[in-house]
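[1] Sharing a model prediction with you, sequence too.
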Amino acid sequence: MAQFILGRRHMGRYPLAGHWTLDTSTGTLYSQPYRPGVYSVVVYNADGTKLARFGSDMGDNPVVSLEFEINEHGCGAFSLILGQALDVTVGYGQRIDVHLFDDPLPWYSGLVLEKPLAGSTARTLEYSGHGYVCQLDNILVDQDYASTDIATVVKSIVINLVEPNTGILYRGSKIQTTGFVATGLRFQNATATEALQELCEFANNFRYGVDATREFWFKRIDTDVNESARFTVGRHLSSYKPKESIDGVLNKILVKATETEEDGSTSILATVQDATSQAAYGLREACKAIPSALTEADAQQWGLVQIARFKDPVKSAEIGGVQLWYVTPSGEYAVRRLSPEGQARITSDDGTVYGDYPISKIKYKINSNGIACSMSLGSTTHDFEAIVNNMQRQIRQAELIKDMG
């Protein structure tokens, strides 16, 4: 047992004189015992000092309800409804941390993007916002990278552009090497979100995000079963609704260059396909542009990643009433601290495996009934389509403006 008195930034990354246990298998720190139904919300000033704290252990707790989600990119959206005004003013961009079960480490960290105004006739006050990963939308990347490892590009973007201009923190150990060197990449005023997503595509099965400590991470997608996400229907879950769809299946992709030739045509840099998928679901082809690939080798790599992710039907499921707490063999209270890592395994009471699903979203809802958890399971890789389409739209707009000029 140890005591951490001070740490990094504003009187410590960990609580003053907090009691901790070191998990030697992972090197992470956690505190015991957890307390059922206990939660707290901490609001911070821009300089990192604590502005306010409230929660379930207060006699005049103002919280009517609190909802937040953890998705594949870390902390997602949140909504906080208060039944009474606070003694302090909560403004735009202020940090809000949520601690569950008396855990001194936050389960969620986000910033306020929407707040109520004076004069409202509503009986409650609603604040909403998002995890710090949303700040990547506000940073532009305008840079060329030649013969550079993908992880090096990621570190450059985070160190030079993201950390100095946002509340996101850089930690080199949370950026994994990829083993892939892009021959040439060109980002022309792409948002950091777009650039990092494209780097994930090149790296093949990587993902980026920002965690509850506001630290940026870039790591390989885990396909193993998450030991904290083994659920038996009726025992650990109150509802399980699975489904499968071929709507997004693609088994032949033509990868084209964004820039057009002098005669108005577009170069096809690579063609990738999967014969097994074509035999099972018929030919399902598409022509996709990749704005930043400067060589055929890069385009081929990107295309192979897309085929691997889109060639099969997508299984998904919604589960509710997730039991977070349990009693250990020694009689101690413990909690599943779930994350979108690895896969959830759903089984019947007799041990039959219904399926393994990637964990895409974890949703927490807190109100007078306690702390409830539900989860969305299944791949969300089709979200990348929206990013590619948006990049192409921006490019077309720039071309139109150039022509009009």
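    Thanks, I have it.

[2] how about the helices in the stretch 301-405 of the chain?
    Secondary structure of the stretch 301-405 of the chain (DSSP state H, counting those that start in this stretch): helices at 383-404.

[3] D356 and A317, how far apart?
    10 Å (Cβ to Cβ, to the nearest Å). Bear in mind the C-beta positions are built from the backbone N, C-alpha and C, glycine included.

[4] Between the two, which is the more surrounded one?
    Applying other Cβ atoms under 10 Å to D356 and A317 shows that A317 carries more neighbours, namely 21 against 18.

[5] okay but that one is in contact with Y357, surely?
    Yes - the pair A317 / Y357 is scored as a contact, 5.6 Å apart, by Cβ atoms under 8 Å.

[6] So for the two, which residues contact both of them?
    Shared contacts of A317 and Y357, defined by Cβ atoms under 8 Å, 6 or more residues apart in numbering, comprise 346, 377-378.

[7] Now do the helices in this protein.
    Listed in chain order, the helices of the chain (DSSP state H) span residues 150-157, 163-165, 192-203, 275-281, 296-310, 383-404.

[8] what's the spacing between the second one and its chain's center?
    For helix 163-165, the separation from the chain centroid amounts to 19 Å (computed by Cα atoms, centre = their mean, to the nearest Å).

[9] Flag every buried residue along that helix.
    Within helix 163-165, the residues scored as buried using 16 or more other Cβ atoms under 10 Å are E163.

[10] Can you list the neighbours in contact with that helix?
    Contacts of helix 163-165 (Cβ under 8 Å, 6+ apart): 138-139, 169-170, 216.

[11] before we move on, what about stretch 341-350?
    Contacts for stretch 341-350 (Cβ under 8 Å, 6+ apart): 222-226, 229-235, 237, 240, 242, 317, 319, 353-359, 375, 377.

[12] Quick check: closest non-adjacent residue to Y357.
    L377 (3.5 Å; Cβ to Cβ, 6 or more residues apart in numbering).

[13] from memory the one you found sits against G320, does it?
    No - using Cβ under 8 Å, L377 is not in contact with G320, being 11.5 Å away.

[14] Looking at the two, which one has more neighbours?
    Taking other Cβ under 10 Å, L377 and G320 do not tie; L377 has more neighbours (26 against 14).

[15] ok, the more buried one - contacts?
    Counting by Cβ under 8 Å, 6+ apart, L377 makes contact with 316-319, 344, 346, 357-360.

[16] now that we have those residues, which one has the most neighbours?
    Going by other Cβ under 10 Å, A344 tops these with 26 neighbours.

[17] how many neighbours does the nearest residue to Y108 once chain neighbours are set aside have?
    Distance criterion Cβ to Cβ, 6+ apart; nearest residue to Y108, sequence neighbours excluded, is V98 at 4.2 Å. V98 has 23 neighbouring residues, counting by other Cβ under 10 Å.

[18] ok, V98 to Q343 distance?
    Look at V98 and Q343: by Cβ to Cβ, they are 25 Å apart.

[19] same thing with Q300?
    29 Å.

[20] burial of the nearest residue to F68 once chain neighbours are set aside, as a residue count?
    Once flanking residues are discounted, F68 sits nearest to F78: 3.9 Å by Cβ to Cβ, 6+ apart. By the criterion of other Cβ under 10 Å, F78 has 24 neighbours.

[21] Then S368?
    9.

[22] now P242
    Residues near P242, counting by other Cβ under 10 Å: 15.

[23] where does the stretch 301-405 of the chain dip in pLDDT?
    Counting by pLDDT under 70, the stretch 301-405 of the chain has low-confidence residues at 380-405.

[24] Quick check: the residue most central in space within the chain vs E114, distance?
    Centroid-nearest residue in the chain: H73, 1.3 Å away (criterion: Cα atoms, centre = their mean). For H73, the distance to E114 (Cβ to Cβ) stands at 20 Å.

[25] swap in E198?
    Taking Cβ to Cβ as the measure, E198 falls 29 Å from E114.
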